[in-house]
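Trainee: Predicted structure and sequence below. I'll ask about it afterward.
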Amino acid sequence: MPLVAGVDSSTQACKVVVRDADTGELVRQGRAAHPAGTEVDPAAWEAALTDALAQAGGLADVSALSVGGQQHGMVCLDDGGEVVRPALLWNDTRSADAAAALVDELGGGQAWADVVGVVPVASFTGAKLRWLADAEPGNADRTAAVCLPHDWLTWQLSGAVGLDSLVTDRSDASGTAYWSARTGEYRRDLLELALRGRSPRVPRVAGPAERVGMHGDVLLGPGAGDNAAAALGLGAGPGDVVVSIGTSGVATAVSDVPACDPSGAVAGFADATGRHLPLVCTLNAARVLDAAAAMLRVSLDELAELALSAPAGAGGLVLVPYLEGERTPDLPRATGSVHGLTLATSTPAHWARAAVEGLLCGLADGIDALVAQGAAVDRVLLVGGGARSRAVQQIAPAVLGRPVVVPEPGEAVADGAARQAAWVLTGDLPTWAAGGSRTVEAAPTPAVRERYAEVQDRTDR
Ligand SMILES: Nc1ncnc2c1ncn2[C@@H]1O[C@H](COP(=O)(O)OP(=O)(O)O)[C@@H](O)[C@H]1O
Ligand SMILES: O=C(CO)[C@@H](O)[C@H](O)COP(=O)(O)O
């Protein structure tokens, strides 16, 4: 019974699972927090990984490990392999103007969707590089290589020092805006466009089950972007839509064909198996619940009970939850807005309900965008920390207008990374028994989405 480890180095925390490679049985796990903020020294991810691995009992009896990580973060390295500046994360919006400029320079959304399957927004690595070139040209000059959070952690674990040993995978490469999931090739011209002519090294893109190095006696897999790892962990296939309510809100589908959406709503990412992963991402998800709970001075469980005690539609109270700006729709400078506040709706219960419904309306729009790109929706799986909320579980099927499958609370991303590690170790993608899940149904409440659509644009942009 060889053991494998999977890592999820996500926005708020590093999570580790150790599983039996043959059966998938969970043997041990660990978790350590990441610093707050949208700009983070990668050393903090390494420290959290070390801590989470220790909590998970270490690696002495583990045969293989893969790292899943938050997508898009810009990690710049100098020619000695040192980090040039703190990494800008996917939810850092300072590169919004840079993204808009890049879209114009190539001739618009259709041109970008055609060449790399995505239209730049502030989140993508390419837009961050353009920001770097303009705001910190000295740091741009020092950047000899650029990679992503999961690439950097895998590289650290491997103990390699040469920039030529940096490795990534298709799923994370596809979130840079300078690698095409359709052709499987870098577009160095777009990397150079972003960096105004500079041409740093980028990681080699490994195959889905390739052995990319060793950490002591532990075999290292190529890893993946967190959303691709989650799809792998859940065993998602065509017809499944995974809705993740973590720091980001994500609706994603596994597909045999690349997405090409000139509006940019659906990103044409790759998955972790050689297929594609059309994806819609919002900036405001679980933290909307955190903010509402903090404002109402209640726990997350109390917030859920409050939300469930209010009527569907919260009596007309709508929260458009653009608390950190928004990515889909592309409104990086927007703020949240409240509509329909009356004496009757001025209660904690109505506020809690509006918070849950508001974040779910954004994800319902995301599922519609996936469908418009050709995705089939036979099953919706609800994951991420926010999916632990009883209110999210109960209200999601009403707002999304379809039943939702809620897997047992767990770590889908780390599980997917562990499954990849088992694949790398044995050469076969293991079929692990699915964990428990339950299907939650509710009468659809289309009026909630209609009311949200009415007020959604009446916000500070
Ligand atoms: N019972 C719960 N109810 C609502 N939200 C929860 C609950 N448990 C955890 N969360 C939320 O989950 C979020 C973290 O989710 P997670 O998927 O781990 O995020 P990330 O992967 O982005 O780091 C936190 O914002 C936290 O408030
Ligand atoms: O930017 C995206 C997807 O494009 C985000 O989904 C990040 O990958 C962060 O994920 P979480 O930490 O919220 O899971």
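Mentor: Sure, I can see it. Ligands and ions are numbered 1, 2, ... in the order given.

Trainee: list the buried ones in stretch 26-39?
Mentor: Leu26, Val27, Arg28, Gln29, Gly30, Arg31, Ala32, His34, Thr38 (16 or more other CB atoms under 10 Å). Glycine gets a C-beta too; all of them are placed from N, C-alpha and C.

Trainee: ugh, typo on my part, it should be stretch 404-412
Mentor: Val404, Val405, Val406, Pro407, Gly410, Glu411, Ala412.

Trainee: before we move on, what about stretch 323-337?
Mentor: Quick answer for stretch 323-337 (16+ other CB under 10 Å): 323-332, 334, 336-337.

Trainee: Tell me which two in the buried residues of stretch 26-39 are the farthest apart.
Mentor: Among those, the pair separated by the greatest distance (CB to CB) is Val27 and Thr38, at 34.3 Å.

Trainee: end to end, how far does stretch 129-144 reach?
Mentor: 12 Å (CA to CA, to the nearest Å).

Trainee: same question for it, mean pLDDT?
Mentor: Regarding stretch 129-144, the rounded mean pLDDT is 98.

Trainee: Could you do stretch 350-370 as well?
Mentor: 98.

Trainee: Would you mind writing the CA trace of that stretch as CSV?
Mentor: Output of stretch 350-370 as CSV, limited to C-alpha atoms (Å, rounded to 0.1, in the frame of the first residue of the first chain):
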residue,chain,number,x,y,z
HIS,A,350,-32.6,39.5,5.2
TRP,A,351,-29.0,40.7,5.0
ALA,A,352,-27.6,37.1,5.4
ARG,A,353,-30.0,35.8,2.7
ALA,A,354,-29.1,38.6,0.3
ALA,A,355,-25.4,37.8,0.8
VAL,A,356,-25.8,34.1,0.0
GLU,A,357,-28.2,34.8,-2.9
GLY,A,358,-25.9,37.5,-4.4
LEU,A,359,-22.8,35.3,-4.5
LEU,A,360,-24.8,32.4,-6.0
CYS,A,361,-26.4,34.7,-8.7
GLY,A,362,-22.9,35.4,-10.0
LEU,A,363,-22.2,31.7,-10.2
ALA,A,364,-25.5,31.0,-11.9
ASP,A,365,-24.5,33.5,-14.6
GLY,A,366,-21.2,31.6,-14.8
ILE,A,367,-23.0,28.3,-15.5
ASP,A,368,-25.1,30.1,-18.2
ALA,A,369,-21.9,31.3,-19.8
LEU,A,370,-20.5,27.7,-19.8
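
Trainee: mind listing what the residue of the stretch 251-400 of the chain found nearest ligand 1 touches?
Mentor: Nearest residue of the stretch 251-400 of the chain to ligand 1: Gly385, at 2.1 Å (CB to the nearest ligand atom). By CB atoms under 8 Å, 6 or more residues apart in numbering, the contact set of Gly385 is Gln12, Ile245, Gly246, Ala286.

Trainee: can you put those residues in a markdown table and add neighbour count, distance to ligand 1 and secondary structure?
Mentor: Output for these, formatted as a markdown table (neighbours: other CB atoms under 10 Å; distance: CB to the nearest ligand atom, whole Å; DSSP: H, G, I helix; E, B strand; the rest coil):
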| residue | neighbour count | distance to ligand 1 | secondary structure |
| --- | --- | --- | --- |
| Gln12 | 16 | 3 | coil |
| Ile245 | 27 | 7 | strand |
| Gly246 | 25 | 3 | coil |
| Ala286 | 24 | 4 | helix |
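
Trainee: and which of the residues you listed is nearest to ligand 2?
Mentor: Closest to ligand 2 out of these is Gly246 (3.6 Å), distances taken as CB to the nearest ligand atom.

Trainee: Give me the phi and psi for that closest one.
Mentor: Taking degrees, to the nearest 10, you get phi -110, psi -150 for the backbone angles of Gly246.

Trainee: ditto for Val338
Mentor: Dihedral angles for Val338 - degrees, to the nearest 10 - are phi -120, psi 140.

Trainee: coming back round to it: filtering the contacts of Gly385 by proximity to ligand 2, which remain?
Mentor: Gly246 (CB under 6 Å from any ligand atom).

Trainee: In the contacts of Gly385, find the pair that's most separated.
Mentor: Taking CB to CB as the measure, the contacts of Gly385 span a maximum distance of 12.5 Å, between Gln12 and Ile245.

Trainee: Residues of the stretch 251-400 of the chain that sit close to ligand 2?
Mentor: So the stretch 251-400 of the chain meets ligand 2 at Leu279, Cys281 (CB under 6 Å from any ligand atom).

Trainee: repeat that with 5 Å
Mentor: Proximity of the stretch 251-400 of the chain to ligand 2 is confined to Cys281 under the rule CB under 5 Å from any ligand atom.

Trainee: mind listing the strands in the stretch 251-400 of the chain by residue range?
Mentor: 267-270, 276-282, 318-320, 337-339, 379-383 (DSSP state E, counting those that start in this stretch).

Trainee: Quick one: closest of those to Arg353.
Mentor: Checking the strands of the stretch 251-400 of the chain against Arg353 by CB to CB gives strand 318-320 as the closest, at 9.1 Å.

Trainee: Pairing partners for that closest one, with directions?
Mentor: strand 337-339 (antiparallel) (DSSP bridges).

Trainee: okay, the strands of the stretch 251-400 of the chain in CSV with mean pLDDT next?
Mentor: Shown next, in CSV, are the strands of the stretch 251-400 of the chain (pLDDT from 0 to 100):
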stretch, mean pLDDT
strand 267-270, 98
strand 276-282, 98
strand 318-320, 98
strand 337-339, 97
strand 379-383, 97
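
Trainee: Switch those strands over to TSV; also include distance to Gly233.
Mentor: TSV is the format used below for these (distance: least, CB to CB, whole Å):
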stretch	distance to Gly233
strand 267-270	16
strand 276-282	13
strand 318-320	31
strand 337-339	36
strand 379-383	9
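
Trainee: Return the residues in contact with the nearest residue to Asp134 once chain neighbours are set aside.
Mentor: Excluding its sequence neighbours, the residue lying closest to Asp134 (CB to CB, 6 or more residues apart in numbering) is Ala98, at 6.7 Å. Residues near Ala98 by CB under 8 Å, 6+ apart: Ala122, Ala127, Lys128, Arg130, Trp131, Asp134, Ala194.

Trainee: Let's verify Ala98: helix, strand, or coil?
Mentor: Using DSSP: H, G, I helix; E, B strand; the rest coil, the secondary structure recorded for Ala98 is helix.

Trainee: Shouldn't Thr154 be within a helix?
Mentor: Yes: judged by three-state DSSP, Thr154 forms part of a helix.
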